[in-house]
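Sequence first, predicted model second:
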Amino acid sequence: MGLFSRRKTKFVDSDVLVIGGGMAGCGATYEARHWGRDLKIVCVEKANIERSGAVAQGLYAINCYMGMQWDENQPEDHVRYARNDLMGLVREDLGYDIARHVDSTVHKFEEWGLPIMRDPETGRYQREGKWQIMIHGESYKPIVAEAAREAASEVYNRIMVTHLLMDKTKENRVAGAVGFNVRTGDFYVFRAKAVIVAAGGASHIYKPRAVGEGMGRTWYAPWSSASAYALPIEVGAKMTQMENRIVLTRFKDGYGPVGAYFLHLKTYTENAYGEEYESKWYDHTKELVGDYVDRHPVPTCLRNHALLEELKAGRGPIRMVTKEAFQDPHKETIGWENFLGMTIGQAVVWASQNIDPKHVNPELTTSEPYVMGSHATCSGAWASGPEDYAPDEYQWGYNRMMTVDGLFGAGDTIGGTAHKFSSGSYTEGRIAAKAAVRYIKNMGKDAPQVSEDEYQGLKKKVFQPLENYEVGRNEIVAGTVSPSYFSPIQGLQRLEKIMDEYVGGISTGYMTNEPLLTRGLELLDMLREDMDNIGAEDLHQLQRAWELQHRLRASESVTHHTLFRKETRWPGYYYRGDHMKLDDQDWHCFTLSQYDKNTGEWELEKAPVYHIVD
Ligand SMILES: Cc1cc2nc3c(=O)[nH]c(=O)nc-3n(C[C@H](O)[C@H](O)[C@H](O)COP(=O)(O)OP(=O)(O)OC[C@H]3O[C@@H](n4cnc5c(N)ncnc54)[C@H](O)[C@@H]3O)c2cc1C
């Protein structure tokens, strides 16, 4: 008898199923209850929503707040800002929709107990920058989770969702999801009328700068494992802008945030010889991207670009000048507190390297690339827009519904909407849930049905790595080397190496081209073939195996998109060596992809960018 057939199967019925209880998932769960008082709302999370997701260890700032009550900014201003930062390409309808609702989300957070700093003179929220407000945010996630727990009918922690289920009565309609409990090994079948995917972004698809024992030290959360992309991709949902993967300039080795330093402490950067360097690269950058270099603020990718060029010119390292600001005791306190609220590791790194920022200017570096939809980047699923604002071409159903019926998304999952951050992701969860409830109410008696064949087949597949290990371990030849299976960490390192060397990671200075991408796809295909032989010695490794499956699927998507867009749209995030310039004439558009699981083929197309805000 195989291992999989010994496992218990548990069935959970719901109206709204929320996958991932991070910021967007908590927002969706909370709002679904508001509109669907009598509905069964289930949230399923692979960790524990109390401390899960990218906000697990807290934040020091809420990066998306308009301040409309004080007439500080209007939603249109935020659309202009995000559009500028993303070199012209954002879904303005989706961004506007978040911006017009985000303030109410932040007010809820404050009501629930999140301490938001206030300017002692004006009484308004203390601004860190035009869009950011400062918080004492160590407990940000528990506060947000509490409201979601209250709203949910049930929260299932410690269950990793591996696949979505499709309706057996209607093509292209979602019917639920399956996963397994990472502690008990029980198999779960979630049946749902609508599903909201809110499973965060993707780290560790590229080889990180920190390797070996330190490889858990990445900028984005190491547990963000691309489920947000793999789950929809596998059921045929269209994705957008997957080539727009982000590279961050951060403090070296600890990836400590720089926002508060630049914006609030007014620190600045210089090269190894104490020189300002960004202006040196102006003409060169203008050659590549034209007028985009003249925009204010200068787009994030272009600031990376200047730093990378200065390093290539041999004038590194680049340092943040902290010595001046830290002479002011108030600023010194803010500088350290900034890490205590969200990245304690950076303070520890500095202590271990004898860096006191009052006396030593710390080094900056650029990170390995990440895939996400909520920061200065907008990879993710292609979603229908708000009925009152989206152009016809962006509307095929309910707000935030993907191209699969009943499948919604929010936060890092949804593409085209950069700069939503924690508050915007939560807000998008609320927007998606409101639409999902309406979708269910309009459904009448025509509810989706899951197919027993489908979930039984998936059950076998999900636990296969345990079986592979149980059989193959007898053949181990040395250490952990087996001729018949490989471990999740071995597979992860292989994936990271392919992405790094062929799809523009750190070792090539983010450079790639058509021959490299084509070979990269061949190597990813070979890894995919080998995935049938992945082995897992326990449930923890089984989770790692499925995280790798999801990372691999997202990586394939990133590579296809990067190959399709024949221009370098975002220098500083990646470079197409064979198309080094931005090409607005041919590529002022979104890229869309669709995977067909029956043929294994990817189809790519362009979609228009509508500028709704002037
Ligand atoms: C280092 C760092 C600094 C940041 N700084 C700021 C800041 O200062 N201000 C700000 O406003 N924002 C900041 N952000 C951005 C903010 O954290 C994200 O925008 C936000 O968390 C995205 O929300 P999300 O719900 O999409 O993803 P997450 O909050 O990451 O939630 C995803 C959830 O899905 C779960 N999950 C994943 N896969 C599965 C699966 N297969 N099955 C079940 N559950 C799954 C995860 O465990 C997680 O709980 C920062 C992010 C990082 C990483």
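Sure, I can see it.

Give me the three-state assignment for the residue in the stretch 101-250 of the chain that the ligand sits nearest to.
Going by CB to the nearest ligand atom, the ligand is nearest to residue 200 of the stretch 101-250 of the chain, at 2.9 Å. No exception for glycine: its C-beta is placed from N, CA and C like everyone else's. Here residue 200 is recorded as coil under DSSP: H, G, I helix; E, B strand; the rest coil.

Please tell me how far the residue in the stretch 301-450 of the chain that the ligand sits nearest to sits from residue 312.
Proximity of the stretch 301-450 of the chain to the ligand (CB to the nearest ligand atom) peaks at residue 411, 2.3 Å away. Note on residue 411: its distance to residue 312, by CB to CB, to the nearest Å, is 35 Å.

okay, those two: which has more neighbours?
residue 411 (37 against 10; other CB atoms under 10 Å).

which residue packs closest to that one, ignoring adjacent ones?
residue 24 (2.8 Å; CB to CB, 6 or more residues apart in numbering).

Am I right that that neighbour falls within a strand?
No - if the criterion is three-state DSSP, then residue 24 is helix and not within a strand.

show me what contacts it?
For residue 24, the contact set (CB atoms under 8 Å, 6 or more residues apart in numbering) comprises 198, 410-413, 425-426, 428-429, 432.

Can you tell me which of the residues you listed has the most neighbours?
That'd be residue 410 among the contacts of residue 24, by other CB under 10 Å, with 39 neighbours.

pretty sure residue 121 belongs to a strand, no?
No - applying three-state DSSP, one finds residue 121 to be coil, outside a strand.

and it, what are its phi and psi?
phi -80, psi -40 (degrees, to the nearest 10).

Count the residues that sit near it.
6.

Any stretches of the stretch 451-600 of the chain with poor pLDDT?
Scanning the stretch 451-600 of the chain for pLDDT under 70 picks out no residues.

Identify the residue spatially nearest to the residue of it at minimum distance from the ligand, adjacent ones excluded.
The ligand sits closest to residue 550 of the stretch 451-600 of the chain, with a gap of 6.7 Å, by CB to the nearest ligand atom. Leaving aside its sequence neighbours, residue 550 sits nearest to residue 230 (CB to CB, 6+ apart; 3.6 Å).

Share the number of residues neighbouring residue 434, please.
Residue 434 has 21 nearby residues by other CB under 10 Å.

And it, how close does it get to residue 381?
Using CB to CB, residue 434 is found at 18 Å from residue 381.

what does the stretch 51-200 of the chain have sitting close to the ligand?
Proximity of the stretch 51-200 of the chain to the ligand (CB under 6 Å from any ligand atom) is limited to residues 52-55, 59-63, 160-161, 198-200.

quick one: least confident of those?
pLDDT across these is lowest for residue 60, at 90.

SS state for the residue lying closest to that residue once chain neighbours are set aside?
Excluding its sequence neighbours, the residue lying closest to residue 60 (CB to CB, 6+ apart) is residue 341, at 3.7 Å. Following three-state DSSP, we place residue 341 in the helix state.

Identify the residues contacting residue 341.
So residue 341 contacts 58-60, 135-138 (CB under 8 Å, 6+ apart).

same thing but at 10 Å, please
If you count contacts by CB atoms under 10 Å, 6 or more residues apart in numbering, residue 341 has them with 57-61, 134-140, 257, 260.

can I assume the residue of the stretch 101-250 of the chain closest to the ligand is in contact with residue 429?
No - using CB atoms under 10 Å, residue 200 is not in contact with residue 429, being 11.9 Å away.

Quick check: neighbours shared by the two?
What both residue 200 and residue 429 touch, as defined by CB under 10 Å, 6+ apart, is the set 20, 22-25, 411, 413.

Let me have those in TSV, extended by pLDDT.
Output for those, formatted as TSV (pLDDT from 0 to 100):
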residue	pLDDT
20	98
22	98
23	98
24	98
25	98
411	98
413	98
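
I'd like the contacts of residue 24 laid out as JSON lines, including distance to residue 358 and secondary structure.
Converted to JSON lines, the contacts of residue 24 look like this (distance: CB to CB, whole Å; DSSP: H, G, I helix; E, B strand; the rest coil):
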{"residue": "198", "distance to residue 358": "41", "secondary structure": "coil"}
{"residue": "410", "distance to residue 358": "42", "secondary structure": "coil"}
{"residue": "411", "distance to residue 358": "37", "secondary structure": "helix"}
{"residue": "412", "distance to residue 358": "36", "secondary structure": "helix"}
{"residue": "413", "distance to residue 358": "42", "secondary structure": "helix"}
{"residue": "425", "distance to residue 358": "35", "secondary structure": "helix"}
{"residue": "426", "distance to residue 358": "36", "secondary structure": "helix"}
{"residue": "428", "distance to residue 358": "40", "secondary structure": "helix"}
{"residue": "429", "distance to residue 358": "41", "secondary structure": "helix"}
{"residue": "432", "distance to residue 358": "46", "secondary structure": "helix"}
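
and of those, the nearest to residue 504?
Proximity to residue 504 was ranked across the contacts of residue 24 by CB to CB; first place goes to residue 412, at 20.4 Å.

Who are the contact partners of that closest one?
Residue 412 touches 20, 22-24, 53-54, 197-202, 220, 224, 226, 228-229, 370-375, 377-380, 420, 425, 428, counting by CB under 10 Å, 6+ apart.

same check, this time on residue 425
22-28, 53-55, 64, 98, 102, 105, 198, 200, 372-375, 410-414, 417.

for residue 138, same thing?
Counting by CB under 10 Å, 6+ apart, residue 138 touches 57-60, 115, 340-342, 344.

thinking again about what came up before, could you turn the buried ones of the contacts of residue 341 into a PyMOL selection?
Buried subset of these, written as a PyMOL selection, criterion 16 or more other CB atoms under 10 Å:
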select buried, resi 57+58+59+60+61+134+135+137+138+139+140+257+260
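
can you pull up the bridge partners for residue 364?
residue 251 (DSSP bridges).

ok, it touching residue 249?
Yes - judged on CB under 10 Å, residue 364 makes contact with residue 249 at a distance of 5.5 Å.

Residues that sit against both of the two, list them.
In contact with both residue 364 and residue 249: 258, 269, 307, 318, 320, using CB under 10 Å, 6+ apart.

List the contacts of the fourth one.
The reference is to residue 318. Counted by CB under 10 Å, 6+ apart, residue 318 has contacts 249, 252, 269-272, 277, 306-308, 310-311, 361, 363-366.

for the third one, same thing?
Counting by CB under 10 Å, 6+ apart, residue 307 touches 249, 269, 271, 277-278, 281, 316-318, 364-366, 572.

Also near the ligand: which of those residues, exactly?
Okay, of the contacts of residue 307, nothing touches the ligand (CB under 6 Å from any ligand atom).

how about JSON lines for the residues you listed, with secondary structure added?
Formatted as JSON lines, the contacts of residue 307 follow (three-state DSSP):
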{"residue": "249", "secondary structure": "strand"}
{"residue": "269", "secondary structure": "strand"}
{"residue": "271", "secondary structure": "coil"}
{"residue": "277", "secondary structure": "coil"}
{"residue": "278", "secondary structure": "helix"}
{"residue": "281", "secondary structure": "helix"}
{"residue": "316", "secondary structure": "coil"}
{"residue": "317", "secondary structure": "coil"}
{"residue": "318", "secondary structure": "coil"}
{"residue": "364", "secondary structure": "strand"}
{"residue": "365", "secondary structure": "strand"}
{"residue": "366", "secondary structure": "strand"}
{"residue": "572", "secondary structure": "coil"}
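
Among those residues, the buried ones, what's the PyMOL command?
With 16+ other CB under 10 Å as the criterion, this PyMOL line picks the buried residues out of those:
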select buried, resi 249+269+271+277+278+281+316+318+364+365+366+572
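
And the contacts of residue 307, which is closest to residue 289?
residue 572 (9.9 Å).

got the residue ranges for the strands in the stretch 451-600 of the chain?
Ranges of strands within the stretch 451-600 of the chain are 511-512, 575-576, 589-596, based on DSSP state E, counting those that start in this stretch.

What pairs with the second one, parallel or antiparallel?
To tie it back to what came earlier, the one meant is strand 575-576. strand 511-512 (parallel).
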